[in-house]
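Q: coordinates only, sequence not included:
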């Protein structure tokens, strides 16, 4: 049923159909990796603290940790892609896809954008009739985010869901992802449509093969 579907970021992220106008090759030097908002190298991993936030702002920390890692790489149509897999949001299996980094753009198999630091316009992703309209966009403002792993300067890329008047919770709900250059995702938030609470992943520790 729709109201029990978890709107996870990765699904919205790879339904995003807008593409870069120029397809630049991936650089394999360390500077390119450090400049990336999603560093991709086999063995990279990120460990997240899972937190539920209720309508009163009360937080409940899940004792189980979530993890995302780059398990392998492969050539697809002459381009190097990385397999990203992991469990997030209370160990819901949300990450299982191939992606590559192309000049700061995080790109899926079909050219869909997973992250674009300067993509400001409100772009329609999909619509569920009589339920919601889903948009995705970035916000041109650097934000300092504090998580267990430290304080990071981040860029925000998020989804916006506009629900119909019959929806019983907030009529507009957001799922932000905060990307830090040279680190990856340091914080993200999602929700189930069947309840008003939010679920956050907060970076606890990470290891990158630069």
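A: Nice, thanks for sending it over. Just so it is clear, the model here is predicted, and its values are computed rather than measured.

Q: what helices or strands is the helix or strand where residue 136 lies leaning on?
A: If you go by DSSP states H and E, residue 136 is part of strand 132-147. Packing contacts for strand 132-147, counted by 3 or more Cβ pairs under 8 Å, 6 or more residues apart in numbering; DSSP states H and E, involve helix 9-13, strand 123-128, strand 150-163, strand 172-180, strand 184-192, strand 198-207. Glycine gets a C-beta too; all of them are placed from N, C-alpha and C.

Q: partners of it, with directions?
A: strand 123-128 (antiparallel), strand 150-163 (antiparallel) (DSSP bridges).

Q: what about those strands, which gets the closest to residue 73?
A: Taking Cβ to Cβ, strand 150-163 is the member of the strands paired with strand 132-147 nearest to residue 73, at 23.3 Å.

Q: Measure how that closest one sits relative to strand 198-207, angle-wise.
A: Orientation of strand 150-163 against strand 198-207 (axes from the mean of the first three to the mean of the last three Cα atoms, to 10 degrees) gives an angle of 150 degrees.

Q: May I see the buried residues of strand 150-163?
A: For strand 150-163, the neighbour count (16 or more other Cβ atoms under 10 Å) marks 152, 154-161, 163 as buried.

Q: for stretch 181-189, same thing?
A: Buried positions in stretch 181-189, judged by neighbour count with 16+ other Cβ under 10 Å: 181, 183-189.

Q: try stretch 67-85
A: 67-70, 81-84.

Q: If we only consider these, which is nearest to residue 176?
A: Taking Cβ to Cβ as the measure, residue 176 lies nearest residue 68 of the buried residues of stretch 67-85, at 16.8 Å.

Q: list the contacts for that closest one?
A: By Cβ atoms under 8 Å, 6 or more residues apart in numbering, residue 68 lies in contact with 45-46, 48, 84-88, 95, 185.

Q: that's a helix at it, yeah?
A: No - Residue 68 is assigned strand when assessed by DSSP: H, G, I helix; E, B strand; the rest coil, not a helix.

Q: how far away is it from residue 85?
A: 7 Å (Cβ to Cβ, to the nearest Å).

Q: now do residue 39
A: Residue 39 is 16 Å from residue 85, by Cβ to Cβ.

Q: Likewise for residue 40?
A: Separation of residue 40 from residue 85 (Cβ to Cβ) stands at 13 Å.

Q: what's the answer for residue 46, then?
A: Distance from residue 46 to residue 85, by Cβ to Cβ: 12 Å.

Q: do the same with residue 44
A: According to Cβ to Cβ, residue 44 and residue 85 sit 12 Å apart.

Q: between these two, what contacts are shared?
A: The contact sets of residue 44 and residue 85 overlap at residue 69 (Cβ under 8 Å, 6+ apart).

Q: can you put the buried residues of stretch 181-189 in CSV and add distance to residue 138 and pLDDT?
A: Converted to CSV, the buried residues of stretch 181-189 look like this (distance: Cβ to Cβ, whole Å; pLDDT from 0 to 100):
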residue, distance to residue 138, pLDDT
181, 14, 89
183, 17, 94
184, 16, 91
185, 14, 91
186, 15, 95
187, 15, 95
188, 14, 92
189, 15, 93
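
Q: which secondary element of this structure has the worst mean pLDDT?
A: helix 9-13 (a mean of 40; mean pLDDT, DSSP states H and E).
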